[in-house]
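In: Next input, structure requested:
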Amino acid sequence: MTKKHFEEKNGPKSTVSKVVKGTSPSKIRGKFFKIKVYIGIAISLLVVAILASLFLFSPNAKRESTEAISSVAKKENTSQEATDASKASEIKKKKEEEIQKLKEQLASLDSKVAESEKLVDKLKEETAVPKLDIEALRNNDLSSLKGTWRTASGKEFVINDSINESSEIYAIGYRDGQKVESTYELKVPKGQERPKSDTASFGIWPKGLMAGGAVLYAIPRGIVKSAGQYTDQSNTAEDRLVAGQSPSMFTEPENFYYRVKPDTSKLEEEEKHLAQLQAEREAIKTSLESKEKKNTN
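Out: From the prediction side, this is the model:
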């Protein structure tokens, strides 16, 4: 039987036999060497794992591990505390800066309010309308006459600050459409007690002349003047002056002089400004007190 007939009848020889048969001894030794190396590495890893487990589960290892974890946690806590402290410091600094700014604003407003109050007081004094003081007039104190008095037709009596010293009245009238200016003197009976009455009266003459005299009546608001059959026809809600030579002058409203009230627009404007400043100051003061209270808590 030939080889060919044998393989056809029994099949080819096994691959292992072929490999072993066809492999050189050096290659076989190399394969065994690699196997040994792999086995050695596996054993080494197993030993390391065993030793590591023994180390981790030993009391010292646990303590050292706990201490290490505690140390890390402590460092983290310290770092967090430092961060929190820094943030708190920044917040506190910002609040203090806000408080300081409010204090500066309040101080500035205090100064502005004080200046505005002084100006308002000055303007009030300048625009104050004195009330006729009949008792003072009867005692020759003419200061309550001070000011400008005007009729409906535009005639004026201008009585200045020196009325007590000079007893002079500056008058502006109109004749034939022309402006006429003159000065009158008040004749105050000194050393004589005036009759008790609700009005005061004076003799009035053109300055430097003895003729052309008349009587000037000062009538306070609310008083109705009458003389015989003649009754006051003026606006009794206002202080007024009237001068003439006949009691009939009380029945002629155009003869009465009313006090000219000064322009108060500047005063009103400054009072509004003062009110705004006071409102701002109150708002700043309230905000400052609130922030200071919160900052101390």
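
In: Helices of the stretch 101-250 of the chain, residue ranges please.
Out: Remark: helices assigned in the stretch 101-250 of the chain by DSSP state H, counting those that start in this stretch are 134-138, 163-166.

In: just the ones you listed: most buried one?
Out: helix 134-138 (a mean of 16; mean count of other CB atoms under 10 Å). C-betas here are computed from N, CA, C, even on glycine.

In: now for that helix, which elements pack on it?
Out: Packing partners of helix 134-138 (3 or more CB pairs under 8 Å, 6 or more residues apart in numbering; DSSP states H and E): strand 200-206.

In: What residues of the strand it packs on count as buried?
Out: Buried residues in strand 200-206, defined by neighbour count with 16 or more other CB atoms under 10 Å: 200, 201, 202, 204.

In: circling back to that earlier point, what would the helices of the stretch 101-250 of the chain look like in CSV with mean pLDDT?
Out: Putting the helices of the stretch 101-250 of the chain into CSV (pLDDT from 0 to 100) gives the following:
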stretch, mean pLDDT
helix 134-138, 87
helix 163-166, 73
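
In: mind giving me a markdown table with those helices and columns for distance to residue 218?
Out: Converted to a markdown table, those look like this (distance: least, CB to CB, whole Å):
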| stretch | distance to residue 218 |
| --- | --- |
| helix 134-138 | 6 |
| helix 163-166 | 12 |
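
In: what's the closest of these to residue 270?
Out: With CB to CB as the measure, helix 163-166 is the member of the helices of the stretch 101-250 of the chain nearest residue 270 (28.8 Å).

In: of the buried residues of strand 200-206, closest to residue 152?
Out: Nearest to residue 152 among the buried residues of strand 200-206, counting by CB to CB, is residue 204 at 20.4 Å.

In: could you check the distance from the residue lying closest to the closest one once chain neighbours are set aside over to residue 267?
Out: Of all residues not flanking residue 204 in the chain, residue 216 sits nearest, at 4.5 Å (CB to CB, 6 or more residues apart in numbering). Residue 216 is 30 Å from residue 267, where distance means CB to CB, to the nearest Å.

In: next one: residue 123
Out: Distance of residue 123 to residue 267, computed by CB to CB: 4 Å.

In: likewise residue 162?
Out: 25 Å.

In: Which of these two has more residues huddled nearby?
Out: Using other CB atoms under 10 Å as the criterion, residue 162 and residue 267 rank with residue 267 on top: 18 against 11.

In: The more buried one belongs to a strand?
Out: No: per DSSP: H, G, I helix; E, B strand; the rest coil, residue 267 lies outside any strand segment and is helix.

In: Quick check: it touching residue 122?
Out: No: using CB atoms under 8 Å, residue 267 makes no contact with residue 122, being 9.3 Å away.

In: What is the burial count for residue 258?
Out: For residue 258, using other CB under 10 Å, the count is 17.

In: What of residue 268?
Out: Residue 268, neighbours per other CB under 10 Å, totals 12.

In: got the residue ranges for the strands in this protein?
Out: 147-150, 156-159, 168-175, 178-187, 200-206, 214-219, 226-227, 230-231, 240-244, 256-259 (DSSP state E).

In: which strands and helices sit next to the second one?
Out: For strand 156-159, the elements it packs on are strand 147-150, strand 168-175, judged by 3+ CB pairs under 8 Å, 6+ apart.

In: same thing with the fifth one?
Out: Taking 3+ CB pairs under 8 Å, 6+ apart as contact, the helices and strands that strand 200-206 lies on are helix 134-138, strand 178-187, strand 214-219.

In: now, of the helices and strands packed on strand 156-159, which is deepest in the fold?
Out: strand 147-150 (a mean of 19).

In: what sits against residue 137?
Out: 144, 145, 200, 218 (CB atoms under 8 Å, 6 or more residues apart in numbering).

In: now, which of those residues sits nearest residue 281?
Out: Taking CB to CB as the measure, residue 281 sits nearest to residue 144 out of the contacts of residue 137, at 37.3 Å.

In: got a list of what that closest one touches?
Out: Applying CB under 8 Å, 6+ apart to residue 144 gives the contacts 130, 131, 132, 133, 136, 137.

In: Thanks a lot, see you next time.
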